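Participant: quick one, what's the 3D model for this:
(chains A and B)
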Amino acid sequence: MAVPYLKVENLVKKFGPFTALNGVNLAVYPGEVHALLGDNGAGKSTLIKTLAGVHRPTSGQLYIEGKPVNFRSPRDATAAGIGTVYQDLALNQLMSVTRNFFMGRELKGPLGILRMAEMDRIAHDEMAKIGINFSDPTQAVGTMSGGQRQTLAIARAIYFGAKVLILDEPTSALGQKQQMEVLKTIQRVKKRGDIAIIFITHNEIHSQLVGDRFTFLALGEVIGAGKAGELSHDEIRRLMAGGTEMKDLAGELAAI
Amino acid sequence: MSDRSEADRLRQESTLQRLLRRPEIGAFSVMVVIVVALAFASDFKAFNPLGLKNNIAIIAQYGIIATGAAALMIAGEFDLSIGSMIGFTGMIMAMVLKYGFTPLGIPPGLPVAAFMIAMTAALCLGWLIGTIVVRSGLSSFIVSLAFLFFLRGATEASFRIINQSTQISGLPDFKQESWFAEMLGGEVFGWIYDIWFTLGGNLNRKGEQWVSGFDARFLWWLVIAGAAWFVLSRTQIGNWIYATGDDKDAARANGVPVNKVKIGLFMFTAFCACMFAACQVFDTNTADAAKGNLLELFAIAIAVVGGTLMTGGFGSILGVAFGAITVGLVANAVFFIPWIDGSWFRVFVGTILLAAVFANERIRKRITGGI
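Facilitator: Down below sits the predicted model:
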C-alpha cells in the first residue's frame, strides 16, 4: 500500500482544561480526497489549524511521507507542502486576480519591479488548469463569484507548492451552482494525482460526490472512518449526526 | 444558453470605457473645469509667466504632502502630524543654520548638515509614530493627533527657549553659495521660461525677460510623486501597500510584512513633510513656529479628492496630482480674480471633498460587487 503523504498519529490538543482533540488518527494520500466531516465543535478547525502549523499538538505526531515533522509556525507547514485554504480565502477584494494570486510572493525583477505580464499569464494558466473560465486576470477579485474566488485560492495554494490541500468548508456559503463549480475544481485537482486533498464539510452529499476516504469527528474523537464504498449512505448519515440514529432523532422530535 | 459561464457576466469594455472607469477620472474632470474657469475668470493672468510660477509653487507644496498622505491612506492609515512635522523640521533646519548644532560640533550656516539633522529627526519620528500604531493597535488617527499637538508645542517652546522668538528671519541667502540650498530653495526648469522668452513672451514692462524659472519644489513634487507612482503601481512593495490597506489579515496570511509596510509609510509622510519644510526654509531663509498649520487636513482632503479610499486599499497617485492642481489653483484664485472673496476657497474644498467621498464610495461598491 502506498505511503500516505500526510499521516496524523494519536493527535491530542488541549487548551488548558479543554480537550479539543483526543487521539485523532488520519492519513491522506496523493490523488485522493479525504473528507473530514463533523458537527460544529467536533474539532475540525482545531485539527486543520494543527496541520497548518497554527497550533502545536499537545501530544501525538505528524508525519510527512513517513518522516516525523514538527511545525513551529504556519510557514513551516507551508514549506512542508501543506496549503490551507481557509473559509475567508485570504483574498483582497479591491485588488486584481493576479495581484492576489502572487500576494506576498510576487515575481520581481531588479528594483523590486513586478514582472506583471508573466504573473498575469501564470495566474490565468494555473486557474484555467483547474477549470475556471475567466478572461481577465486584471479584474478585481470583488467582481468574481464565490466559486471563482475559491478556485483562485486553490490554484494559488497549488502553484506555491501545496502537496496537501486543506479546504475548510469550501462549499458552504455558496449557491447550488457555485457549489458544483467548487466540486468540479476539487475533482480536477484530484485527477492530477499528485495532490492530497482534505475536504472539510458539513454536507454529506458533497463529501460522497468527491470523497475517497471519510473521517468523522465528534467531540474531539474519530467516531468513524472508512473508504468510499465501505460505508453505506445510512452509516454516513448516522456518523454525520454525531453517531445518533436517524430514527432516534425522529423520535426525539416527535416527543416535543 | 448552456454555454454561458461565470466569465461571460463580466462585460468586455473598450479602451474608452476603461478610461472612464479609472479612479482618476473624477479628479481629472474637476481639474479641467477649474483650469478653464480660472483662465477665463482671471483674464488669463493665472497662466501668464508669473501666475504660472506662483500657482505651481502652491500646487507643488500641496502635491508633496498629499502624495505622502495618499500612500499612507492606501495602506489604511492616517497621519495628522504632517503639518506639525513641517513646522518642527523647518524649525530644526533654521535653528541649525542660525546657531549650529554643538553636540555634533556643527557650526552655523551649513545647509547640508541642517537638512540632514532635520531629515533624521523626521524619519525617526515617522518610525516612532508608525511603531506605536502597529504595536498598540490603536487608531492612527489618535496616535498621529497626539503628535500633531506634541510636535507643534515642542516647536513653539523650543523656539522661545533657544531663539526668544517664535520665528527666525534674516538668515543669509544660502542659495548664493550652496548648491544644496539652491537645489531645494532655488529655481528649476529655467529653460521653459527661456524658450517662452525666445518665442516673444515672458516680457516685463521694460521688454526684458520677466520670470527666470519655477520654484525648485516643482521638481521635488515631480520626483516624489513620480517615485510614489512607480513604487505603487509597478513594484512588489506597491503590491504590499495595496494588500495591507485592503485587508491586512489576508495580506499577513500571504506573508506580506504588514507592520513594516505601515511603519515605512509613516516614515514616508514624515519625509514628505520634511521636504516641504526644506524647500520653504531655503527659498525664504525664514522659519516660523506656525508653518504647516492645518496642512495635514489639506493633504488628506487632496488625497480623497484624488480618488483615494478612506478605508484603504485603493487610490491613485496620478489622481492625487490632479487633486493637488485643483486645490492649489483654487487656493490661489483670489490673487488673480480680485472680486472674489478668498474664503470661498474653503467652501470649494469642502464641497469637492464631500462630492469625492461619495464618488469614491461608488467606485468601491462597484469593485466589491455592491453595484
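Participant: now the strands for the chain?
Facilitator: Let's take chain A. A:6-15, A:18-28, A:33-38, A:59-64, A:67-69, A:82-85, A:164-168, A:196-201, A:213-218, A:221-227 (DSSP state E).
Participant: nope, chain B
Facilitator: Here chain B has its strands, by DSSP E, at B:167-168, B:187-188, B:214-215, B:287-288.
Participant: for chain A, which of these is the nearest?
Facilitator: Nearest to chain A, of all those, is strand B:187-188, at 25.2 Å by C-beta to the nearest C-beta. All C-beta atoms are positioned from the backbone trio N, CA, C, and that covers glycine.
Participant: how many neighbours does the nearest residue to residue A:106 once chain neighbours are set aside have?
Facilitator: Closest residue to residue A:106 apart from its sequence neighbours, by C-beta to C-beta, 6 or more residues apart in numbering or on different chains: residue B:236 at 4.3 Å. As a burial measure, residue B:236 scores 20 neighbours (other C-beta atoms under 10 Å in any protein chain shown).
Participant: can you pull the contacts of residue B:236?
Facilitator: By C-beta atoms under 8 Å, 6 or more residues apart in numbering or on different chains, the contact list for residue B:236 reads A:106, A:108, A:112, A:113, A:114.
Participant: what parts of chain A come near chain B?
Facilitator: Residues of chain A lying near chain B by C-beta under 8 Å from any C-beta of the partner chain: A:75, A:86, A:88-95, A:99, A:102-106, A:108, A:111-114, A:116, A:132-136, A:139-140, A:142-145, A:147-148, A:181.
Participant: what residue ranges in the stretch 101-250 of chain A score low on pLDDT?
Facilitator: A:133-135, A:242-246 (pLDDT under 70).
Participant: let's go with 90 and repeat that
Facilitator: Applying pLDDT under 90 to the stretch 101-250 of chain A flags the ranges A:104, A:110-112, A:127-151, A:161, A:169-182, A:192-193, A:201-209, A:216-250.
Participant: do the stretch 51-200 of chain B as well
Facilitator: Along the stretch 51-200 of chain B, the model assigns pLDDT under 90 to residues B:170, B:200.
Participant: geometric centre of chain A: which residue is closest?
Facilitator: Among the residues of chain A, the one closest to the centroid is residue A:167, at 1.7 Å (C-alpha atoms, centre = their mean).
Participant: list the residues that contact that residue.
Facilitator: So, once contact is read as C-beta under 8 Å, 6+ apart, residue A:167 ends up touching A:85, A:154, A:186, A:197, A:198, A:199, A:200.
Participant: let's go with 6 Å and repeat that
Facilitator: Listed by C-beta atoms under 6 Å, 6 or more residues apart in numbering or on different chains, the contact set of residue A:167 reads A:85, A:199.
Participant: could you do residue A:169 as well?
Facilitator: A:87, A:200, A:201.
Participant: and if we set it to 10 Å?
Facilitator: Neighbour list for residue A:169: A:36, A:44, A:45, A:85, A:86, A:87, A:199, A:200, A:201, A:202, A:203, A:206 [criterion: C-beta atoms under 10 Å, 6 or more residues apart in numbering or on different chains].
Participant: in CSV, list those along with neighbour count.
Facilitator: As requested, the contacts of residue A:169 are arranged in CSV below (neighbours: other C-beta atoms under 10 Å in any protein chain shown):
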residue, neighbour count
A:36, 29
A:44, 22
A:45, 19
A:85, 22
A:86, 18
A:87, 15
A:199, 27
A:200, 24
A:201, 22
A:202, 15
A:203, 16
A:206, 22
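Participant: now, which of these sits nearest chain B?
Facilitator: Nearest to chain B, judged by C-beta to the nearest C-beta, of these is residue A:86 at 7.6 Å.
Participant: farthest-apart pair in the contacts of residue B:236, please.
Facilitator: Across those, the longest distance by C-beta to C-beta is 9.8 Å; it joins A:106 and A:113.
Participant: show me where the stretch 1-150 of chain B has its helices.
Facilitator: Ranges of helices in the stretch 1-150 of chain B, per DSSP state H, counting those that start in this stretch, are B:15-20, B:25-41, B:49-74, B:82-99, B:111-136, B:140-158.
Participant: go on, chain A?
Facilitator: A:44-51, A:74-79, A:97-101, A:116-129, A:146-159, A:176-192, A:204-210, A:233-240, A:246-255 (DSSP state H).
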